[in-house]
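Enquirer: Here you go, sequence then predicted model.
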Amino acid sequence: MGRNNKRGGRRGGKKRDDTFRSEPIVNKEDMTNDRFVAYYKAQNIISEGEEWEEFMDKLRTPLPTTFRVAGSRLTAQSLNASIRDLHVPNLKNVVFEDQAVSPPVQIPWYPDGLAWQFNVPKKVLRKSPEFKGFHSFLVFETEVGNVSRQEAVSMLPPLFLDVEPHHKVIDMCAAPGSKVKLVLSSPAMAKTSRQTAQLLEALHSQDTLTSTSIPSGMLIANDNDHKRTHLLIHQSARLPSPALMVTNLDASIYPHMKVPSRRHPNKLEPLLFDRILCDVPCSGDGTLRKNVGIWKTWQPMDGNGLHSLQIRILQRAMKMLAPEGRIVYSTCSLNPVENEAVIVAALQSNPEFHLVDVSARFPDLKRSPGVTSWRTTDKSLNIYETHEKFLELTQETHAFKAKLTRSHFPPDDVEQYNLPRCLRIYPHLQDTGGFFVAILERKQVATAPSEKKREAPDEVAESPENKKPRLDEAIKEEPMDDFAVGTATEENSIKTEELVDDIKIEEDVKKEANLAETKVVMEKSKKQGDAGSFKENPYTFLKPGDPTVATCLERLCINSDFPSSNILVRNPEGEAARALYIANDLVKSVVTNNDYVRIRLTFAGTKIFVKQEAGRGLEAQFRVLGEAVPLVLPYVDRAGIIDGDFDVLRALVAGHYPLCETFHEPFKSASIAARSGGHIVRFPQGNGEDATLSHDLYLPIWKSNASLTLMIDKKAKSALSMRVFNKDITTPAKQTLAKDAVVVQAETVEQEEEEDDIVDADMVDA
Ligand SMILES: C[S@@+](CC[C@H](N)C(=O)[O-])C[C@H]1O[C@@H](n2cnc3c(N)ncnc32)[C@H](O)[C@@H]1O
């Protein structure tokens with residue numbers, strides 16, 4: 001806390017971005033916890049002797065810095081090539097204070113070599129000119145979402161999900177976890193886009209270097225922490241996706257959402273997901289190398305206490321999974337009670353599921369198999385061999401009874417669950433954090449005759465006797481609040497065939513849904529009184545032919561193929577007030593068929609057009625957002641795009657409002673002739689004297705009476721400048737440089753203090 005206080009008391013110095021520095025300053029001697037050692041020795045998951053020493057030693061060693069080149073596949077590959085071919089060769093022979101410093105290396109198991117790792121002391125990052133430059137490059141690219149600092153092991157769950165653009169995906173616990181709520185507002189946390197971003201990138205794998213695809217699938221990013229859902233929204237702005245929704249619900253009781261049935265479009269059926277990520281809240285002892293505070297606080301009840309919630313989240317996911325779907329369950333904990341015990345409990349209550357054998361995936365990833373035995377302890381580390389024994393021994397002291405349930409203990413029939421198919425990643429295996437991953441699918445069953453019949457077209461008579469139980473009824477019957485101790489029963493598991501069965505939804509619900517096409521029914525939700533503290537505005541789709549949308553399309557020469565009926569706004573009246581968003585068909589369908597308060601809808605689609613204050617009084621007040629240009633580009637007629645070149649780009653990046661007449665021809669005449677308002681300029685790929693563009697670049701500008709403004713934010717401008725001109729030529733950067741020259745002496749002292757602060761923020765960056 002002392003250091004956090006210091007942050008508050010900083011003497012107005014410049015904030016330095018230390019996203020890529022990680023070096024906890026907790027002494028190694030303090031990295032100990034007798035309870036942790038006793039507990040994990042009892043678990044016998046790491047061999048006594050040399051391996052144990054190696055394991056403990058790694059836990060006390062700072063993590064290497066790891067990052068992933070993010071964004072859509074093509075953009076990522078292009079940036080990755082520049083890291084591999086330009087930056088890394090430049091870092092190959094660095095010697096700092098007589099010591100050779102190793103350059104970043106690719107993480108061997110990550111597909112396409114898109115993930116990197118390096119282990120460089122902060123002194124080197126600060127003082128070695130080569131690493132300093134690389135560090136700035138990474139910081140800028142992180143700002144714009146092209147690079148994601150992410151623990152290597154946490155990159156695994158999305159990879160195992162194998163998301164494709166048509167998949168319906170839900171990330172049940174999506175927000176970045178943190179041990180200390182205090183730092184949630186720190187920029188270091190806010191810009192860290194992780195597993196949700198990976199899933200979104202997979203949905204957008206068909207994007208090209210210049211244009212964003214509109215995937216037919218969707219991603220719902222959910223978290224029960226309202227503040228953290230806003231971080232997700234902030235992050236998602238870097239990869240604008242019409243396929244994204246953010247909800248703020250307890251994952252263990254996630255409600256079913258309704259969408260029109262494929263077979264009976266005027267009926268609604270529950271939305272089932274093809275891919276579900278359950279990266280559940282956990283004790284986090286796998287992150288000890290980074291969250292060094294856990295050394296002080298770790299105790300066995302951390303895991304014991306979360307076990308039941310973890311089971312309920314996984315069980316809920318099982319109910320929401322489409323027949324051929326897949327779930328990935330993961331934790332950054334090494335504790336079997338949070339891992340294998342959870343898997344067993346969920347499999348017991350959903351016997352149609354099994355663990356998938358992924359031993360052939362990622363052959364370069366070193367892993368240990370899931371364990372089949374573990375010891376369950378109370379908070380005093382008393383070991384109980386069985387639940388019965390626990391009940392017997394604690395008969396007098398009832399205090400703990402509620403805390404250890406049957407599912408905390410290994411079952412007698414443990415062999416039948418194939419637990420070794422789970423993956424355990426230990427820190428000493430390949431210098432990472434500790435992690436657990438399990439992949440679950442429904443068992444393949446021979447098609448039963450009744451299922452064949454179900455596949456037949458619509459003429460199958462819906463007589464009362466062949467109607468399946470309604471899914472919403474089945475769900476009502478689920479004991480949602482206590483799945484902790486469960487045995488396999490046919491009754492409490494919804495059958496695959498039931499999952500795909502249409503639900504007969506009452507006519508009035510359908511009418512409400514139709515109404516919501518143009519106006520989300522806000523009043524009804526309010527009357528229901530179920531809003532709780534939910535104070536978000538609803539999303540409302542604009543009516544066809546909306547004049548604001550029509551003007552936006554006309555001004556940017558966007559053709560009629562553009563899905564303009566999927567434009568939505570954030571107010572119940574459906575007024576194009578400040579910002580217009582766009583959703584894909586699936587997101588639209590979910591938004592219009594579900595009460596936004598019930599599903600606590602925090603975000604839908606992506607912002608595409610925003611009102612430009614400078615445009616007050618103009619006929620066309622809205623402009624396309626910088627990040628959204630690739631979204632509209634496939635629909636823009638070539639004639640509507642102005643051609644630029646390196647000189648134009650330099651002037652737009654370096655100056656705030658360059659006058660049209662100061663440009664050279666032909667851009668000068670084109671810009672003078674352009675109507676006031678938003679436009680798109682194309683800068684062709686090529687090499688200039690001091691500039692390079694690896695692919696065509698399309699950027700939004702705003703034309704005022706006689707001047708132009710490049711409409712991308714400050715950070716994006718700096719990142720662009722670094723990429724194209726190999727230096728930051730923006731006005732703020734020049735001003736900072738000048739100021740820096742004056743205050744360089746004072747800075748040196750202050751930097752040392754800031755170092756401590758940033759390290760604190762890093763340490764909670766789970
Ligand atoms: C391990 S973190 C998820 C990390 C995330 N996958 C990432 O890549 O950064 C777990 C998250 O679960 C959330 N959480 C805790 N209980 C929850 C619940 N009942 N329902 C939904 N989310 C929950 C926490 O707010 C936390 O953000």
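Expert: Arrived safely. Residues are numbered from 1 along each chain as shown.
Enquirer: Can you report how many residues neighbour the closest residue to the ligand within the stretch 451-600 of the chain?
Expert: Proximity of the stretch 451-600 of the chain to the ligand (C-beta to the nearest ligand atom) peaks at residue 600, 10.9 Å away. Backbone N, C-alpha and C define where each C-beta goes, glycine included. By other C-beta atoms under 10 Å, 23 other residues sit near residue 600.
Enquirer: check contacts around it.
Expert: Residue 600 sits next to 247, 248, 249, 534, 536 when contact means C-beta atoms under 8 Å, 6 or more residues apart in numbering.
Enquirer: Now for those: which two are most distant?
Expert: Using C-beta to C-beta, the contacts of residue 600 span at most 12.4 Å, a distance reached by 249 and 536.
Enquirer: Show me where the stretch 451-600 of the chain dips below the pLDDT cut-off.
Expert: 451-532 (pLDDT under 70).
Enquirer: quick revisit: in TSV, list the contacts of residue 600 along with distance to residue 731 and neighbour count.
Expert: Listed next are those as TSV, based on distance: C-beta to C-beta, whole Å; neighbours: other C-beta atoms under 10 Å:
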residue	distance to residue 731	neighbour count
247	40	27
248	39	24
249	44	20
534	42	17
536	36	18
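Enquirer: low-confidence ranges in the stretch 1-150 of the chain?
Expert: 1-26.
Enquirer: Number of residues surrounding the residue of it found nearest the ligand?
Expert: Of all residues in the stretch 1-150 of the chain, residue 150 sits closest to the ligand, with a separation of 7.6 Å (C-beta to the nearest ligand atom). Neighbours of residue 150 under the rule other C-beta under 10 Å: 21.
Enquirer: For it, give me its contacts.
Expert: 66, 67, 68, 192, 194.
Enquirer: Which stretches in the stretch 251-400 of the chain count as helices?
Expert: Secondary structure of the stretch 251-400 of the chain by DSSP state H, counting those that start in this stretch: the helices cover 294-297, 300-320, 340-349, 387-393.
Enquirer: To the ligand, which of those lies closest?
Expert: It's helix 300-320; of the helices of the stretch 251-400 of the chain, that one is closest to the ligand (C-beta to the nearest ligand atom) at 5.9 Å.
Enquirer: What is that closest one packed up against?
Expert: Using 3 or more C-beta pairs under 8 Å, 6 or more residues apart in numbering; DSSP states H and E, the elements in contact with helix 300-320 are strand 273-279, strand 321-331, helix 340-349.
Enquirer: Mean neighbour count, mean pLDDT and distance to residue 216 added to these, as JSON lines?
Expert: Listed next are these as JSON lines, based on neighbours: other C-beta atoms under 10 Å; pLDDT from 0 to 100; distance: least, C-beta to C-beta, whole Å:
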{"stretch": "strand 273-279", "mean neighbour count": "25", "mean pLDDT": "98", "distance to residue 216": "11"}
{"stretch": "strand 321-331", "mean neighbour count": "22", "mean pLDDT": "98", "distance to residue 216": "14"}
{"stretch": "helix 340-349", "mean neighbour count": "26", "mean pLDDT": "98", "distance to residue 216": "30"}
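Enquirer: Can you say which of these is nearest to residue 691?
Expert: Per C-beta to C-beta, nearest to residue 691 of these: strand 273-279, 40.9 Å.
Enquirer: How about the residues of the stretch 251-400 of the chain by the ligand?
Expert: Contacts of the stretch 251-400 of the chain with the ligand, taken as C-beta under 6 Å from any ligand atom, map to 251, 252, 279, 281, 309.
Enquirer: Pick out the most distant pair among those.
Expert: Among those, 252 and 279 lie farthest apart (C-beta to C-beta), at 14.1 Å.
Enquirer: Please produce CSV containing the helices and strands packed on helix 300-320, extended by distance to residue 438.
Expert: Converted to CSV, the helices and strands packed on helix 300-320 look like this (distance: least, C-beta to C-beta, whole Å):
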stretch, distance to residue 438
strand 273-279, 9
strand 321-331, 5
helix 340-349, 5
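Enquirer: what's the closest of the ones you listed to residue 659?
Expert: Of these, nearest to residue 659 by C-beta to C-beta is strand 273-279, at 50.9 Å.
Enquirer: packing partners for the closest one?
Expert: Against strand 273-279 (3+ C-beta pairs under 8 Å, 6+ apart) you get helix 156-161, strand 168-171, helix 195-203, helix 300-320, strand 321-331.
Enquirer: The ones you listed: which one's closest to residue 425?
Expert: Short answer: helix 156-161, nearest of these by C-beta to C-beta, at 7.5 Å.
Enquirer: For that closest one, which helices and strands make contact with it?
Expert: Going by 3+ C-beta pairs under 8 Å, 6+ apart, helix 156-161 lies up against helix 195-203, strand 273-279, strand 321-331, strand 435-442.
Enquirer: Using a markdown table, lay out those together with distance to residue 261.
Expert: Formatted as a markdown table, those follow (distance: least, C-beta to C-beta, whole Å):
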| stretch | distance to residue 261 |
| --- | --- |
| helix 195-203 | 23 |
| strand 273-279 | 16 |
| strand 321-331 | 14 |
| strand 435-442 | 21 |
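Enquirer: residues from the stretch 51-200 of the chain in reach of the ligand?
Expert: Near the ligand, when you scan the stretch 51-200 of the chain using C-beta under 6 Å from any ligand atom, you find 154, 173, 174, 175, 176, 177, 194, 195.
Enquirer: cutoff 8 Å now
Expert: For the stretch 51-200 of the chain, the residues found near the ligand under the criterion C-beta under 8 Å from any ligand atom are 150, 154, 157, 171-178, 192, 194-196.
Enquirer: least confident pick among those?
Expert: Minimum pLDDT for these is recorded at residue 192 (46).
Enquirer: one step back: quick check: PyMOL command selecting the buried ones in the residues of the stretch 51-200 of the chain next to the ligand.
Expert: Listed next is the PyMOL selection for buried residues among those, using 16 or more other C-beta atoms under 10 Å:
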select buried, resi 150+154+157+171+172+173+174+175+176+177+178+192+194+195+196
